[in-house]
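# What follows is a protein structure lacking sequence information:
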């Protein structure tokens with residue numbers, strides 16, 4: 001939208017399951033899930049770290065947010081944090 005301060009994340013047909021900011025291909029967003037959890041993984045503005053990851057327990061909707069320099073580190077930290085939050 002011209003003149004708008006908002007932009008959208010759009011699909012990239014060349015890279016399945018990855019969205020990028022309209023006008024900034026380096027700023028990526030990815031959503032992954034299984035039957036128990038949902039992960040929303042957001043890169044830094046320039047496409048590198050820090051990554052921010054939101055992990056959501058699908059049944060309780062409890063969540064945990066973590067950051068890391070790589071997507072893997074951030075996702076692992078969010079998953080571990082959610083596990084601790086949910087307890088045994």
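Done, it's in. Everything numeric here is computed off the predicted structure, so don't read it as measured data.

# Next, the contact list for residue 74, please.
Listed by CB atoms under 8 Å, 6 or more residues apart in numbering, the contact partners of residue 74 are 41, 49, 50, 51, 52, 53, 66, 67, 68. All C-beta atoms are positioned from the backbone trio N, CA, C, and that covers glycine.

# Just those: which are in strands?
Among those, the ones falling in strands (DSSP state E) are 41, 51, 52, 53, 66, 67, 68.

# Of those, select the buried ones using a PyMOL command.
The following PyMOL line selects those of the ones in strands among the contacts of residue 74 that are buried, judged by 16 or more other CB atoms under 10 Å:
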select buried, resi 41+51+52+53+66+68
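
# Using CSV, please lay out the ones in strands among the contacts of residue 74 together with pLDDT.
Compiled in CSV, the ones in strands among the contacts of residue 74 are given as follows (pLDDT from 0 to 100):
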residue, pLDDT
41, 94
51, 95
52, 97
53, 97
66, 98
67, 97
68, 96
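
# Out of the ones in strands among the contacts of residue 74, flag the one nearest to residue 6.
Comparing the ones in strands among the contacts of residue 74 against residue 6 with CB to CB places residue 52 closest, at 18.7 Å.

# Residue 56: which element?
Per DSSP states H and E, residue 56 falls inside strand 51-57.

# what does residue 80 give?
helix 71-86.

# for that helix, which positions count as buried?
71, 73, 74, 75, 77, 78, 79, 81, 82.

# Stretch 27-38 now?
For stretch 27-38, by 16+ other CB under 10 Å, it's 27, 28, 30, 37.

# and that stretch, what's its mean pLDDT?
Throughout stretch 27-38, pLDDT has a mean value of 92.

# Verify the stated contact: residue 57 with residue 37.
Yes: the pair residue 57 / residue 37 is scored as a contact, 6.1 Å apart, by CB atoms under 8 Å.
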